[in-house]
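[1] Just need the structure, nothing else, for what follows:
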Amino acid sequence: MLNNLDLKKVYDSDKDDILNQFYIPVLKESIIYKRISGFFSSTSLLLAAEGIANFINNNGTYKLITSVVISEQDYEAIQKGIKQKDNILINNINFNIENLKREIEKDYLKILSWLIAINKMQIKIALLPESLSGLFHEKIGIFEDKNKNKISFSGSINESAQGWTKNIEEFKVFRSWIKTESEYLNGDVDKFEKYWNNLSINFNVVDLPEVIKKQLFKVRPKEKELKNIVKRLINYESKKKIILREYQKEAIFKWKHNNYRGIWEMATGTGKTITAISAINKLSEIKNKYFVVCIVPYAHLITQWSREFLQFLDPNRIVYASSDYDWKEKLSLCTNEYNDGFIRSVVVITTYNTASSQYFISLIKKISQVNNISLIADEMHWIGSRNYSKAMIEEYNFRLGLSATPTRWFDDEGTIKSFTYFNKVVFSYPLKLAIKNGFLTQYNYYPKFISLTSDEFDKYLLLTKRIISIMNRDNQELLTILSNKRSKVIKEAVNKIPAFEEIINELKRKTTISHLLIYCDSINQVTIIQKILNSLGIVSHKFTQHEKLSERKLILKKFDEGIFQCLVAVKCLDEGVDIPSTHTAIIIASTSNPREYIQRRGRILRLYQNKTIANIYDLTVLPPNNLSSKSIINTSIKNIIKKEFRRIRDFLDTALNKTEIINNLYNIMNKYNIYFDHKKEDVNIK
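    Residues are numbered from 1 along each chain as shown. Model (predicted):
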């Protein structure tokens with residue numbers, strides 16, 4: 001029955017599988033389907049063959065109000081159905097669900113004719129008066145089961161394969177058994193009945209035979225053959241097939257043989273996500289059921305992971321804890337159903353913030369089959385922090401940590417805690433190997449040196465003195481604040497702006513600016529950079545934490561298409577977001593944290609069509625000239641240079657132009673008495 005289904009209040013095709021999570025399950029339980037749709041295509045029958053087969057077997061009736069626009073194939077099928085109203089068009093259909101499903105997949109146009117012929121599909125056409133130049137474009141659906149339970153949905157979706165699978169659609173769902181929703185449902189029901197009985201004052205609703213008789217349809221030319229395309233969409237077995245590279249197979253093998261625990265230290269862009277899902281898939285084949293919790297750093301990464309899960313796995317339930325407003329209710333239901341054996345596969349995707357909350361942890365602990373709870377921690381270095389380490393509970397029997405940089409920066413305690421929990425790094429696939437094997441793009445690296453001003457260096461010294469003065473006190477919070485302030489002196493050095501102008505002008509002289517990514521440290525820096533780009537006629541868009549998820553998707557799409565020539569980003573492109581079309585990056589926000597700069601480099605090196613080499617420009621900060629030789633000054637000079645040159649060393653290690661750049665560095669190395677050997681683990685200063 002409809003009231004037994006796990007239905008959401010809002011469905012968004014960008015994160016939900018609206019076909020398999022909503023349309024097919026609801027059809028299977030229904031005996032009446034009333035639909036208002038701006039456009040109709042019989043491909044929707046093919047797409048939902050399993051649901052339509054059950055619906056027909058339930059002796060269901062389908063009533064449709066749609067516009068006059070129709071494909072030539074559907075027009076011909078509808079004509080045949082009307083001509084055969086009193087005949088049995090298809091005598092060889094066995095009313096067995098599986099046979100009927102196959103008949104629909106074999107010839108969905110024939111099924112359309114047959115449904116019309118036996119009056120199980122009734123179609124009426126909305127005709128707008130000539131004074132209105134547009135088309136009928138409303139979209140509402142109403143389902144009813146044999147116990148009179150009803151649901152309605154309203155939103156943007158048309159009744160077609162395109163609408164149910166390819167377009168970005170959203171609709172709201174209202175249920176008759178929920179008191180607060182029944183008013184909205186009744187409104188949808190009343191609207192349908194008003195239209196069906198031709199009681200609208202704005203347009204006429206006409207029976208199908210009259211529309212055909214008067215030749216009122218606007219018939220579109222024959223569409224391309226959609227049958228095979230749609231059959232691929234409904235064939236979930238094809239989704240489950242994952243083709244893994246040899247190193248990905250090795251990662252899964254080593255995780256399995258470490259008792260399903262471990263960390264994969266894999267370079268950004270080498271397919272950690274798909275390998276992890278494949279590992280869960282293989283584990284589920286052995287254990288015959290699975291409950292997976294996948295934790296990500298940011299809410300927008302929930303969408304990316306859900307796409308991958310839905311492409312390759314077929315969970316009974318998938319919960320987006322953090323992004324769904326009713327996730328608590330859904331997760332509670334899932335845990336109960338899983339414990340009771342009603343469902344055998346659950347995927348929960350959430351953020352570190354939610355996963356470490358007491359409420360989330362209490363729900364996970366309710367699951368009695370602890371041997372079947374898996375944890376995937378994406379960017380697992382996050383879980384070692386003081387706030388998020390609460391998520392490391394013993395109930396997760398199978399544990400997989402993913403990160404290009406699993407060690408926490410300046411947090412030995414957090415690193416030890418997380419490594420102990422996941423056991424150890426069981427597989428490593430470094431950047432150098434990924435580039436060598438052709439799984440990441442080769443790149444050139446260009447450090448651009450600038451000097452701090454005297455005022456900036458004085459500020460750096462003052463903060464250094466304050467840091468030294470509290471080093472032995474138990475005041476970690478103040479130490480962190482002061483260290484961050486000192487880092488900002490480097491990241492926001494004023495001489496970076498003219499240096500950036502030099503780089504961008506040089507690039508503009510060489511070629512048309514396109515697919516350029518600029519990393520900034522602050523919104524203020526973004527504003528300054530965008531003003532420079534605007535003055536040069538370069539179309540850019542900011543990419544920060546303040547843009548909504550839907551806006552971010554549009555921004556990235558326009559960047560891929562070249563409409564936005566460059567993105568000016570703060571922080572949020574460090575982890576997780578895929579922008580493989582990036583050809584060039586300018587890193588203004590210098591950082592000495594390996595995790596941050598390794599993640600930024602990884603964003604740029606993903607493979608993309610017609611992309612053979614990436615280019616990275618790195619604004620590198622040095623102390624001012626002509627400084628005195630006081631001890632505190634010398635120490636500060638060394639600290640600045642060592643931090644900057646460690647990053648240079650790491651970037652150069654896998655750069656195509658390594659030899660050329662090292663030769664160019666000699667003057668600076670001699671000036672500051674730097675001993676630079678990228679084979680060593682450190683940069684030495686004499």
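
[2] Mind telling me what element residue 457 is part of?
    Using DSSP states H and E, residue 457 maps to helix 454-469.

[3] For that helix, list every residue counted as buried.
    Within helix 454-469, the residues that qualify as buried are 456-457, 459-461, 463-464, 466, counting by 16 or more other CB atoms under 10 Å. C-beta coordinates here come from the backbone N, C-alpha and C atoms, glycine included.

[4] try stretch 493-507
    493, 495-497, 499-500, 503-504, 507.

[5] For those residues, give me JSON lines that also has distance to residue 207 and secondary structure.
    Below are those laid out as JSON lines (distance: CB to CB, whole Å; DSSP: H, G, I helix; E, B strand; the rest coil):
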{"residue": "493", "distance to residue 207": "75", "secondary structure": "coil"}
{"residue": "495", "distance to residue 207": "77", "secondary structure": "coil"}
{"residue": "496", "distance to residue 207": "71", "secondary structure": "helix"}
{"residue": "497", "distance to residue 207": "70", "secondary structure": "helix"}
{"residue": "499", "distance to residue 207": "73", "secondary structure": "helix"}
{"residue": "500", "distance to residue 207": "68", "secondary structure": "helix"}
{"residue": "503", "distance to residue 207": "68", "secondary structure": "helix"}
{"residue": "504", "distance to residue 207": "65", "secondary structure": "helix"}
{"residue": "507", "distance to residue 207": "65", "secondary structure": "helix"}
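
[6] where does residue 155 land on pLDDT?
    We have a pLDDT of 84 for residue 155.

[7] partner residues bridging the spatially closest residue to it that is not a sequence neighbour?
    Of all residues not flanking residue 155 in the chain, residue 171 sits nearest, at 2.7 Å (CB to CB, 6 or more residues apart in numbering). Counting by DSSP bridges, residue 171 is bridged to residue 11, residue 155.

[8] Count the neighbours of residue 171 for me.
    A count of nearby residues for residue 171, using other CB atoms under 10 Å, gives 19.

[9] That one contacts residue 8, correct?
    No. Assessed by CB atoms under 8 Å, residue 171 is found out of contact with residue 8, at 10.1 Å.

[10] Out of the buried residues of helix 454-469, flag the one nearest to residue 520.
    residue 456 (17.4 Å; CB to CB).

[11] Pull the contacting residues for the closest one.
    Shown in contact with residue 456 (CB atoms under 8 Å, 6 or more residues apart in numbering): 489, 493-494.

[12] Residue 612 is in contact with residue 583, correct?
    No. Using CB under 8 Å, residue 583 is not in contact with residue 612, being 9.4 Å away.

[13] So between the two, which is more surrounded?
    The neighbour comparison of residue 583 against residue 612 (other CB under 10 Å) goes to residue 583, with 20 against 9.

[14] where exactly do the strands run in the stretch 451-600 of the chain?
    516-520, 540-543, 566-570, 584-587 (DSSP state E, counting those that start in this stretch).

[15] mind putting the ones you listed in a markdown table, mean pLDDT, mean neighbour count and distance to residue 333 included?
    Shown next, in a markdown table, are these (pLDDT from 0 to 100; neighbours: other CB atoms under 10 Å; distance: least, CB to CB, whole Å):
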| stretch | mean pLDDT | mean neighbour count | distance to residue 333 |
| --- | --- | --- | --- |
| strand 516-520 | 93 | 26 | 42 |
| strand 540-543 | 92 | 22 | 36 |
| strand 566-570 | 92 | 23 | 38 |
| strand 584-587 | 94 | 24 | 45 |
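
[16] Turn these into TSV, including distance to residue 102.
    Compiled in TSV, the strands of the stretch 451-600 of the chain are given as follows (distance: least, CB to CB, whole Å):
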stretch	distance to residue 102
strand 516-520	49
strand 540-543	48
strand 566-570	48
strand 584-587	52
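
[17] Of all those, which one is nearest residue 436?
    strand 584-587 (21.1 Å).

[18] Pick out the most distant pair among the buried residues of stretch 493-507.
    With distances taken as CB to CB, the most widely separated pair in the buried residues of stretch 493-507 is 493 and 507, at 21.0 Å.

[19] Looks like residue 586 contacts residue 502 (just checking).
    No. Using CB under 8 Å, residue 586 makes no contact with residue 502, being 10.8 Å away.

[20] OK, contacts around residue 432?
    653-654.

[21] That one: helix or strand, and which one exactly?
    Per DSSP H and E: residue 432 is located in helix 431-436.

[22] in that helix, what's buried?
    In helix 431-436, counting by 16+ other CB under 10 Å, buried: 431, 433-435.

[23] Now flag whichever of those is closest to residue 357.
    Taking CB to CB as the measure, residue 431 is the one of these closest to residue 357, at 34.6 Å.
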